[in-house]
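Asker: quick one, what's the 3D model for this:
(3 chains)
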Amino acid sequence: MTTHHDLPAIADPDRLFPADPATRAVARELFALVENAPILSPHGHVDPRLLADDVPFTDAATLLVTPDHYVTRLLHANGVAMDRLRLSADTSPRDVWRAFCAGWPAFAGTASGYWIACELHHVLGVGQPSEKHADALFDEIAEVLADPDHRPRSLFRRFGIDVLATTDDPLDPLDTHARLAAAEDGAGGPGAPLGGRVIPTFRPDRYLAAGTPDWSAAVDELIAVAGEGHTGYAGYLTALANRRAHFVAHGAVSADHGVATPETLDLEPARARELFDRLRVAEVAERDPADVAAFEQHMLVEMARMSVDDGLVMTLHPGIHRNHHPATFAAYGPDTGHDIPVRTDFTRALRPLLSRFGTEPGFHLVLFTTDETTFSRELAPLAGFYPSVYLGAPWWFLDSPYAIRRFREAVTETAGFTRSSGFVDDTRAFLSIPVRHDAARRVEAAVLARLVTEHRITQSQAAGIIVDLVDAAPRRVFKLPRRPGA
Amino acid sequence: MTTHHDLPAIADPDRLFPADPATRAVARELFALVENAPILSPHGHVDPRLLADDVPFTDAATLLVTPDHYVTRLLHANGVAMDRLRLSADTSPRDVWRAFCAGWPAFAGTASGYWIACELHHVLGVGQPSEKHADALFDEIAEVLADPDHRPRSLFRRFGIDVLATTDDPLDPLDTHARLAAAEDGAGGPGAPLGGRVIPTFRPDRYLAAGTPDWSAAVDELIAVAGEGHTGYAGYLTALANRRAHFVAHGAVSADHGVATPETLDLEPARARELFDRLRVAEVAERDPADVAAFEQHMLVEMARMSVDDGLVMTLHPGIHRNHHPATFAAYGPDTGHDIPVRTDFTRALRPLLSRFGTEPGFHLVLFTTDETTFSRELAPLAGFYPSVYLGAPWWFLDSPYAIRRFREAVTETAGFTRSSGFVDDTRAFLSIPVRHDAARRVEAAVLARLVTEHRITQSQAAGIIVDLVDAAPRRVFKLPRRPGA
Amino acid sequence: MTTHHDLPAIADPDRLFPADPATRAVARELFALVENAPILSPHGHVDPRLLADDVPFTDAATLLVTPDHYVTRLLHANGVAMDRLRLSADTSPRDVWRAFCAGWPAFAGTASGYWIACELHHVLGVGQPSEKHADALFDEIAEVLADPDHRPRSLFRRFGIDVLATTDDPLDPLDTHARLAAAEDGAGGPGAPLGGRVIPTFRPDRYLAAGTPDWSAAVDELIAVAGEGHTGYAGYLTALANRRAHFVAHGAVSADHGVATPETLDLEPARARELFDRLRVAEVAERDPADVAAFEQHMLVEMARMSVDDGLVMTLHPGIHRNHHPATFAAYGPDTGHDIPVRTDFTRALRPLLSRFGTEPGFHLVLFTTDETTFSRELAPLAGFYPSVYLGAPWWFLDSPYAIRRFREAVTETAGFTRSSGFVDDTRAFLSIPVRHDAARRVEAAVLARLVTEHRITQSQAAGIIVDLVDAAPRRVFKLPRRPGA
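Answerer: Residues are numbered from 1 along each chain as shown, chains lettered A, B, ... in the order given. This next block holds a predicted model:
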C-alpha cells in the first residue's frame, strides 16, 4: 500500500493514457490541446452560497467525505457504520477522517479513489490517506485550507471555470445567483471576480412526482406563488411556465428531470386536467398508480413543450431506484448511497415525446443513463436520427475512466462525436470538478488516439474533435453564452 | 480536418489493426491470407436490375447518399432537413452532394464514414469530401463513373463477388434473376459474365405481418396467384410453400424474417386456421392484438417447418422498432433512418420453435441482433448447444469495427468460431460491399491476433480459422454452391 | 491446426497476459506473487467419494468428456449426436474420445478448449487432441492415469487445494465428508492426508421449488426425517434449520440457491403457512403459478433469515432457463448442455430481502450472474452500499478470460476490489480446478497490470490486491477456516 510519503500513481503526467507507446504518444498530444481549456460545467450540484459567501472550507472530512455519497457508500459497504461518517456530538470531523483513512485501501481502482487521490495531490498538494498518518494529514489539510488561496472563489478562478450550473428548486428566488451575477458584472460582492458565471438549473421533480406524499402541498405552494391567480391545472401550468421564465431571466439554460423511467405520454388537455384534479385531492395511498404514471408521463411531454417555447434545454436522468434501503432512508434521509440503477428502455418510452417534438427546431433533449445496454442499442440510434436528441456524457456510476471509454466505443460508430453534450460532472464535491474534467479529457484523448493509431481518423481530425468536445460542444448543446471577448 | 489533398487515414494498409506492434504483425499476416478471397454476400439489398441492366452510376449523390439511410440519418441528426437529401425539382444531385460534403466532418469515427472514405479512396480513387471542394469532387466522381470500368458489372467482377444474394418479395417472378443466371451460363446477356451468381432471398414479412393494414390484401393476392385453387389457411400455406419452391428453383438459399420480436408459438393447426380466418376479414383496427401476436408467432414456427422441408436457411432479424417518427414516415415513407432497436430476448422466445426443430438435421437458423446484451447471455449459449442455430454476424448498427470485436469477444469463449455464419453485409450500397467485407476481415484478423499473442491459440490455428470464416463458413451455413472448379 | 507434436499455444508461460510489453511485464510480476498460492474452492460440484475412495481415473473420455456438459454441448452443436457422447453398450470410452478429438478444432478460442488444453499439457503432460492421433493419445492418457501419482488424492495434494466445497442435498448424511475429515484429522482413511479440507454445501433447491412435480414428496421426506415431530409449515422450517445445523457441524460454510429469478418476497408467517398448505396438497398442474412464485420468493427471504441465524453464507445463482430442449431432457435428463441464461434484474428483485437483512452484521450474500448487463448497472452499486452483498466471480458462461476482464472493468470503478468473493470455479471437472484458478489469477494480474500502467494504482497496491483476492478475500467472504499454522 502507498504510504504517506510515496508518490501516488496519479502523480504521473501520463495517467489514464493507454499503455501502448504509439497510442500514448498521440493521446498525450491530443490532451495537451485541451488540458488548460476553461471548464464548462452545465449540470452539477454545488451550493451557490459557497461561492457567493466565499466561506472557507474548514477540514478534510467536511470537504471530502461527509457530503459525498460516492465516498460514504463504499465505506459503509466495507463495514463502517453510517453514524461514524456523519458529524454529531459524538463524531468530530477528525473522527470521520480517521474512519475514511482507515478505509482508504478499499478505494483502489475506483473512480472516487482516483478523484480524491488527484484532489489531494494535484489540487491541495498534500499526501495520500493512510490509517497511520490520518491525523497528520488532517492537520496538513487544515493548514492548506486556512490559506486564502484555497477559499472557494480563489479555487473557482484557479480551476478556470467558465460556467458552473447549480441545481435549484423552481420556487428558489435565485437571489444568490443574482448576487453572484451582480458581483461578476462589477457591482461589487464578496471579493475578486470569479471570472465565470454561476447559473441556476430548473429542477421541477417534486412538483411533477404525483406519487409522492408531499406533491399536493408542493403544487399548492407553486400555484399560490406563481399561478397569477389561476387555479387548478391551468394555474399549475402557468406557474411552471412562470418559474421557468424566472430561471431564464437569471441565466438558466436547462431544465433537469430525474425520473424513475423515461416513459412519456401525450394526453389530451382535458384528460390531463381530470387526472390532476383527482390526484391533487387524494391521499397518497389512495392515488391510483396508473393515474400517477399517466400524469407523470404526460408532464414530461408538457415539460418538453415548455422547453420548445422557452428554449431551456431538457435533460433527462432516468433509471434510478432511489432510497433502496428503507432503514437507512428512515434514519439518514435521501442521498445516502443506496440509489441503485435499474434497467431502462428509451426507444418505446420516448416515442410520444419525440413524435411531437423530436424535429422541433431549437429543442434540445440531453439523455443520460446508468444502463450501459442502451448506449449502442437505443441512445446512439436515437441521437443519430433526431436533431433534438443529444448523448449526455455517461453519468453517475458511469462517469469513470473505463466507463467513458465504453460509452464512446459503443456510441461513436453509429452517432459520431457531434451528437454528444460533452462531459457533465454532476457533482456536489467542489474540489472534484477540475479533477473530473481532467480525467474526462484524458479519456477522450485516449479514445481518439486509438482511432488515430488504428487509422480511422487522422490526428488533425482528432485534434479538431477533442477541442470541439471540450468547448464548442457543451456551448452548442447547452446553449451556453460564449465568453465575453472570446 | 482532412483537406481534399491530404492522404486520408484509411489509406493506411494497417487500418483497423491493433496498435500493439506484436499483435499488429500477426493481424497483418492473418489478413493477408484472406485479403483477396472471393466475396460471399448471402444477405443484402442490392437491386438485381442494377446488374442485369448494367446501368451506369450517374453521380456521387445517387451513388453514395440518397439511397443510404445510414448516411441520410446522420446528416438529418446534424440539422440537414430531409428535403435537402432527396432529389426533387428543387434539389439536384449536386445540391445533395454539397449538403453531404458540408456535413462530412460529423462522420468521423462512424462506420458509415469509414466505408465511404474507403469507397472514395480505394474503390473510386478520388479524394475525400470537404465543403470547400464539394463541386470539384462531384465532377471528379462523375468522370470516374463515366468510365465503363465503373459500371456495375465491371465492378462486380473487380470486387471478386462469388455470390450476391438480393432480398425479394415472394410474388416476385424472379425474371431478373433468371436473366442474370442465363447470362452467367453463357446464354448471352448484358455484357461480359459477372463471374459470380446473383441469387434471390425469400422475404415474406408482408404476408406474415397480420397487424399491418395491407396484410389481408397481400394474402388475397398470394393465395390467388399461388394457392393452386385452395382457399383460406390451406391456400395460404400452399401458396407460401409454392413460392418458396419457386425461389429455390431460382437459386435461393435462404428465407429472411424481419420481425419486431423473436417470440414464437406452436399452435394446433385448427387454432391457427381459426385465427387466420378471423384476422383476415377484420379491419386492422379491429384485429385483437393478442390474436395478431399469436398468429405471427405461430407463422414463424410454420416458416421453420417449411425450411425443414425445403432446405431454405431461416434467417431472423428481430428487435427493431420501425418508423419511430410518425411525421417523417408520413412524409418520406419507410427506410428513412428512424428504425430504432429495442431490447430483445431470445432464450424464452425461441423455445417453441427450437423445441420442435432445434435438432432437426439440415435445419439452419441464423440469428441476428442489434441488442449486444444477448451476445454472451443468450446467442452464444443457444448456438453452443443447438446444431441448427448459427450466430449471424453483428448486424445493422453493430456491423462496425468495434462492434464486431465486441461480438467476437463476447461469443467466442462459449461458442467458438464454428457456430458463426461469417460476415453478412446486409447493404443496399453496392460500392460498400468490398469495403465492408475488407473491414470485417481486418477485424477478424485483429480478434484472432489477440488470441495468438495472448497464447490461447497458435498462429497456424488462427490461419485456419480466418480462412474458414471468410469462405467455408458462409458456404456451410448458407448452403452456398461451391465455385465450379474450386 | 496443431498437430500432436507441436507445442500448444497454452504452453507459453505468458499465456493470458496482455500483449503490450510494459503491461505484460507488470502482469508477470503480479502473477508470480500468487501463482503457487493454495487453492480455495468454496463452491463446486466434485463428488466427495472421488476423494474419499481415491478411485483411479480410468480413461480420457470419462475424465474429460462425458461428465462435462461444457464439452458435450459444443460437440453436440457441431453435429455430434448425444448418443455418441455417452457410454453405453454401443459406445466405449475410446469411441467417445475419438468423437471428441475429431471435434476438437471447434474448441479453439473457447474457455473449455483452453482448460482442456492446459489440463493435457500442464497437468497430465501429454499432447493435444487431434483426429489422427486420437487413439494414441487415449492410450497415452490411460498410461498416465494408471500412475498412483494421478489418483485423485495425489492430485488434490499436488494441486495445493486448501479447501474444496462440494454441493450436497440437505438430506445427505454427509458421512463421506465425515470420513474425509476424520482421515484429515489423523484418524486414518484411504491414504495419505489430503492436506486440505473437503466441506459440504447446503443446496436446498428441490425442497424450495414449489413448482416442480417432486416438491411435495421431497418436503414430506424432509419433514419426516428432520422435523422433530412438527408437521406442516412449522415442521418444514424446523427441518430446514436442522439440516443446516447438520451441515454446519460438518464444516459447511455456505448455502447455495439456484433459482430462475432473484425475486424475493417477505410474507407474513400466516400467509406463508397458508400458501405452503395449499401448494403441498395440490397436483403440480393445479398449483397456481402466482402462489408458487410468492412462496418460492418468500422462501429465499426465509433462507436469508436462517443464514443470519446460523452464519451460513448465502449464495445466489439466478437467471438460467434450465432444460431448454424438451426432447434432450426427456432422453438424457438434466445437465446435458441446454441450460440457457435469461435476462436478470437484481435491484428491485432483492429489495425485500435486503430491506430486512442487507445491513445485518455477519450476513453474507454472494451474487452470481450470467447476465453481464447487471455488472455495472446493479451488482456493483448493490455491493458498493450493502455490507452484506458480495460480487461472486463471473460464473458459468462468464468464468472465462475475456469475461472475467469485462467483469472487473465493469465493477471495479464503482465497487473496488474488496467487495469481491474471489474466484469460484463451480466445476465438476476435477482436473480443471488448478487450471481454472491459474487462468483466473492470470486475468486478475492482467486487470491489475492495466491499472498500474495507466497510473491508477501503484504496483505495490496491485500486489496487495492480488494477494488479497486469491487468498484473504475468499476466506473472508466465505468464512473459511484459516490454515492451521498459517
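Asker: can you pull out the low-pLDDT segments for the stretch 151-300 of chain A?
Answerer: In the predicted model, the stretch 151-300 of chain A carries pLDDT under 70 at residues A:187-191.
Asker: would you map the strands across it?
Answerer: Taking DSSP state E, counting those that start in this stretch to define them, one finds strands in the stretch 151-300 of chain A at A:161-165, A:197-199, A:254-259.
Asker: next: the stretch 351-486 of chain A.
Answerer: Under DSSP E, counting those that start in this stretch, the stretch 351-486 of chain A gives strands at A:365-367, A:389-391.
Asker: just put the ones you listed in CSV and tack on distance to A:D20, mean neighbour count and mean pLDDT.
Answerer: Where C-beta positions appear, they are placed from N, C-alpha and C, glycine not excepted. Below are the strands of the stretch 351-486 of chain A laid out as CSV (distance: least, C-beta to C-beta, whole Å; neighbours: other C-beta atoms under 10 Å in any protein chain shown; pLDDT from 0 to 100):
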stretch, distance to A:D20, mean neighbour count, mean pLDDT
strand A:365-367, 32, 24, 98
strand A:389-391, 27, 26, 98
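Asker: quick one on the thing from earlier: nearest approach to chain B belongs to which of the strands of the stretch 151-300 of chain A?
Answerer: strand A:254-259 (18.7 Å; C-beta to the nearest C-beta).
Asker: so for the closest one, what gets flagged as buried?
Answerer: Buried residues in strand A:254-259, counted by 16 or more other C-beta atoms under 10 Å in any protein chain shown: A:S254, A:A255, A:D256, A:H257, A:G258, A:V259.
Asker: what angle separates that strand from strand A:161-165?
Answerer: Strand A:254-259 and strand A:161-165 are oriented at 50 degrees to each other (axes from the mean of the first three to the mean of the last three C-alpha atoms, to 10 degrees).
Asker: show me what strand A:254-259 is packed against.
Answerer: On a contact count with 3 or more C-beta pairs under 8 Å, 6 or more residues apart in numbering or on different chains; DSSP states H and E, strand A:254-259 meets helix A:205-208, helix A:289-310, strand A:313-318.
Asker: now do that strand against strand A:313-318, angle only.
Answerer: Computed by the same axes, to 10 degrees, the angle separating strand A:254-259 from strand A:313-318 equals 20 degrees.
Asker: picking up where we left off before, any idea which of the strands of the stretch 351-486 of chain A gets closest to chain B?
Answerer: Nearest to chain B among the strands of the stretch 351-486 of chain A is strand A:389-391; the distance by C-beta to the nearest C-beta comes to 7.6 Å.
Asker: neighbours around A:T264, how many?
Answerer: Residues lying near A:T264 (other C-beta atoms under 10 Å in any protein chain shown) number 25.
Asker: excluding its backbone neighbours, what's nearest it?
Answerer: A:L353 (4.0 Å; C-beta to C-beta, 6 or more residues apart in numbering or on different chains).
Asker: kindly report the same for A:R28.
Answerer: Using C-beta to C-beta, 6+ apart and skipping the chain neighbours, the partner closest in space to A:R28 is A:F17 (6.4 Å).
Asker: isn't that neighbour right next to A:V26, touching?
Answerer: No - the criterion here is C-beta atoms under 8 Å, and A:F17 misses it with A:V26 at 9.2 Å.
Asker: what touches both of those two?
Answerer: A:A445, A:A449 (C-beta atoms under 8 Å, 6 or more residues apart in numbering or on different chains).
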